[in-house]
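Participant: Below: sequence and its predicted model.
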Amino acid sequence: MLLLADLAPGTAEDLLRRHGLILVRIADGASIPGSYWGEPEAGIIGATVYARPDTPVHSLLHEACHLIVAAPEKRAHIHTDASESQIEEDATCYLQIVLAEHLPGVGSPRLMEDMDAWGYTFRLGSTRAWFERDAEDARAWLSERGLLPLAREAGCG
């Protein structure tokens, strides 16, 4: 499983910054603010993503994408739990796979493997099968909100 510590310095910060987010790196062993799943999973509060060196990259991207898909007025009030619906959760998963392409050394195929290893579950059995053959609703939801073109314009999709 790829961890934040495996990424080149500054790459995660740069990606999040392009989407109006801040990454705060937490010291090894310290508590992660806003972590829904508990350490070492990433946490979110407002427009800030918190992660330690041992935070999985899929977790960092997933929590960041929850903030990206949230309306700005909602984002300001998010603390720990951001999802309001299954379609929003699916859109978050879809977008994290898209954004993984823009982290050197990660890419969508590797991120999907890590998602499966962590325990994400989809109707077709694997993250890749869902992404390639069953995610039309997530793609449409993101497109309707201008989030897929936004990802491309920011060099992220």
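Facilitator: Structure received. Residues are numbered from 1 along each chain as shown.

Participant: For the chain, which segments are assigned as strands?
Facilitator: Counting by DSSP state E, the chain has strands at residues 22-25, 43-45, 48-51.

Participant: Could you break this protein into its assigned domains?
Facilitator: Using automatic domain parsing, the domain parsing of the chain gives 4-75, 86-153.

Participant: mind giving me TSV with the strands of the chain and columns for distance to residue 31?
Facilitator: All C-beta spots, glycine's among them, are computed from the backbone N, C-alpha and C. Listed next are those as TSV, based on distance: least, C-beta to C-beta, whole Å:
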stretch	distance to residue 31
strand 22-25	12
strand 43-45	9
strand 48-51	9
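
Participant: Turn those into a markdown table, including mean neighbour count.
Facilitator: Listed next are the strands of the chain as a markdown table, based on neighbours: other C-beta atoms under 10 Å:
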| stretch | mean neighbour count |
| --- | --- |
| strand 22-25 | 16 |
| strand 43-45 | 23 |
| strand 48-51 | 24 |
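
Participant: ranking the domains of the chain by mean pLDDT, which is last?
Facilitator: Per-stretch mean pLDDT for the domains of the chain is lowest at domain 86-153 (a mean of 91).

Participant: gap between that one and the chain center?
Facilitator: Here the centre of domain 86-153 is set off from its chain's centre by 9 Å, with C-alpha atoms, centre = their mean, to the nearest Å.

Participant: Ok, stretch 56-74 next?
Facilitator: Its chain's C-alpha centre and that of stretch 56-74 lie 5 Å apart, by C-alpha atoms, centre = their mean.

Participant: what number of residues lie near residue 132?
Facilitator: Neighbour count for residue 132, taken as other C-beta atoms under 10 Å: 11.

Participant: And for residue 146?
Facilitator: Residues near residue 146, counting by other C-beta under 10 Å, number 10.

Participant: Next one: it relative to residue 69, how far apart?
Facilitator: Residue 146 sits 11 Å away from residue 69, going by C-beta to C-beta, to the nearest Å.

Participant: same deal with residue 148?
Facilitator: When distance is defined by C-beta to C-beta, residue 148 is 11 Å away from residue 69.

Participant: okay, those two: which has more neighbours?
Facilitator: Taking other C-beta under 10 Å, residue 148 and residue 69 do not tie; residue 69 has more neighbours (24 against 20).

Participant: Help me confirm that that one comes into contact with residue 142.
Facilitator: Yes: with contact defined as C-beta atoms under 8 Å, residue 69 reaches residue 142; the gap is 7.3 Å.
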